[in-house]
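Undergrad: Sequence unavailable; structure follows:
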């Protein structure tokens, strides 16, 4: 087991860096307030960020595994299908996850 | 008249909590499960059980936490840990610009909201119409994410790896986050049919995946942010602004 002092320093450093990264843009934002650039970023950033997060999840699928990523791909198909059908976020997430979990355990 | 005044003046925490739970409850459950997996990992790596809930409550940055545990086990140098944390979490630099912090009331509440600004909180809250979000709704959404992650880690740490036979039993449950981001992308697109934004984001993600698979999120977010500045300049040129 590593030394508690070492663990405390690790945590302290990681927390300081993470909080700084989360807080910095709010400080910069003040000087950009009302700028047309910030308006455009506000309009375009969220959709791009969630799309990138979704594609990142796809990139993490292990296509070399025994299932070749089939449970995850089926889960995405189920999520998209159910969401296009019912437009209910919770239902879509549950349907997709259930599909993925079931196939993971069956395959 | 009196009733209306009361309704507008008295904050309604239970309403906010209910609204947050209705929308984010399934994600809270997902984070609880992931936290459980994290707690199991910490104990199966031979680290003390309390490290899981302490890290999850104070750092609250999922992917970095998983990486840190591996680095703590091998007693990695602090500099390496600092660089890893910085690289993995730099994507957060792009969140603050458009997160609806102006809707959160109170200094302490704002500070907490910034502290707890994880991917899921940004994704669920920045894609909404900011005017429709109350301070309580934002805070409850974040408290729920933070709390379920930390309580999950506590549960996993206490149970230890022997009881549940490793995290294999949880196989597939982490898909809940994939589903969340897929759904949020569809919702954001149905609100603004912005094919340029979607196309640039896909291109940025594709390039990052090929060029820098190890730090895909950071490279993709940076490339996308650069494309937004270019798009902004281009739009101003084509619409005749200086």
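TA: Structure received. What you see is a predicted model; the values in this text were computed from it and never measured.
Undergrad: For whatever helix or strand residue B:53 lives in, buried residues please.
TA: Residue B:53 belongs to helix B:51-58 when assigned by DSSP states H and E. Burial within helix B:51-58, assessed by neighbour count using 16 or more other CB atoms under 10 Å in any protein chain shown, is assigned to B:51, B:52, B:53, B:54, B:55, B:56. In short, each C-beta sits where N, CA and C put it, glycine included.
Undergrad: can you check stretch A:52-69 too?
TA: With burial defined by 16+ other CB under 10 Å, the residues of stretch A:52-69 counted as buried are A:52, A:53, A:54, A:55, A:56, A:57, A:58, A:59, A:61, A:67, A:69.
Undergrad: and if you look at stretch B:129-145?
TA: B:133-145.
Undergrad: cool, stretch B:69-82 as well?
TA: B:69, B:71, B:72, B:76, B:81.
Undergrad: Residue B:228 against residue A:47, yeah?
TA: No. The pair residue B:228 / residue A:47 is not scored as a contact, 10.8 Å apart, by CB atoms under 8 Å.
Undergrad: Would you point out which residue of chain A is nearest chain B?
TA: Residue nearest to chain B within chain A (CB to the nearest CB): residue A:25, separated by 2.8 Å.
Undergrad: How about the secondary structure of that residue?
TA: Reduced to three states with DSSP: H, G, I helix; E, B strand; the rest coil, the structure at residue A:25 is helix.
Undergrad: That one - how many residues pack around it?
TA: Residue neighbour count, defined by other CB atoms under 10 Å in any protein chain shown, stands at 20 for residue A:25.
Undergrad: Kindly report the same for the one 3 residues further on.
TA: The burial metric for residue A:28, expressed as a neighbour count using other CB under 10 Å, is 12.
Undergrad: again with residue B:115
TA: Residue neighbour count, defined by other CB under 10 Å, stands at 18 for residue B:115.
Undergrad: Which residues are in contact with it?
TA: With contact taken as CB atoms under 8 Å, 6 or more residues apart in numbering or on different chains, residue B:115 is in contact with A:19, A:22, B:60.
Undergrad: related to what we said a few turns ago, immediately after the helix holding residue B:53, which helix or strand?
TA: Downstream of helix B:51-58, the first helix or strand assigned by DSSP H and E is helix B:62-73.
Undergrad: ok, back up a step: and what about the residue nearest to the residue of chain A closest to chain B when sequence neighbours are not counted, helix, strand or coil?
TA: Here the nearest residue to residue A:25 in space, its sequence neighbours aside, is residue B:96; by CB to CB, 6 or more residues apart in numbering or on different chains that works out to 2.8 Å. Recorded secondary structure, residue B:96: coil (three-state DSSP).
Undergrad: can you pull out the helices in chain B?
TA: For chain B, the helices defined by DSSP state H cover B:2-9, B:13-44, B:51-58, B:62-73, B:78-89, B:107-115, B:119-126, B:135-164, B:175-191, B:195-211, B:216-238.
Undergrad: Show me where chain A has its helices.
TA: Counting by DSSP H, chain A has helices at residues A:4-32, A:36-59, A:70-86, A:89-106.
Undergrad: would you turn those into TSV with distance to residue B:113?
TA: Rendered in TSV, the data for the helices of chain A read as follows (distance: least, CB to CB, whole Å):
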stretch	distance to residue B:113
helix A:4-32	10
helix A:36-59	16
helix A:70-86	28
helix A:89-106	22
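Undergrad: For my notes, please list those in CSV and give mean pLDDT for each entry.
TA: Formatted as CSV, the entries for the helices of chain A read as follows, by pLDDT from 0 to 100:
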stretch, mean pLDDT
helix A:4-32, 92
helix A:36-59, 90
helix A:70-86, 96
helix A:89-106, 91
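Undergrad: if I pick residue B:238, what's in contact with it?
TA: Not one residue lies near residue B:238 by CB under 8 Å, 6+ apart.
Undergrad: mind checking how far it is from chain A?
TA: The span separating residue B:238 from chain A equals 13 Å under the rule CB to the nearest CB, to the nearest Å.
Undergrad: confidence score at the residue in chain B positioned nearest to chain A?
TA: Nearest to chain A in chain B, going by CB to the nearest CB, is residue B:96, at a distance of 2.8 Å. On the pLDDT scale, residue B:96 is placed at 91.
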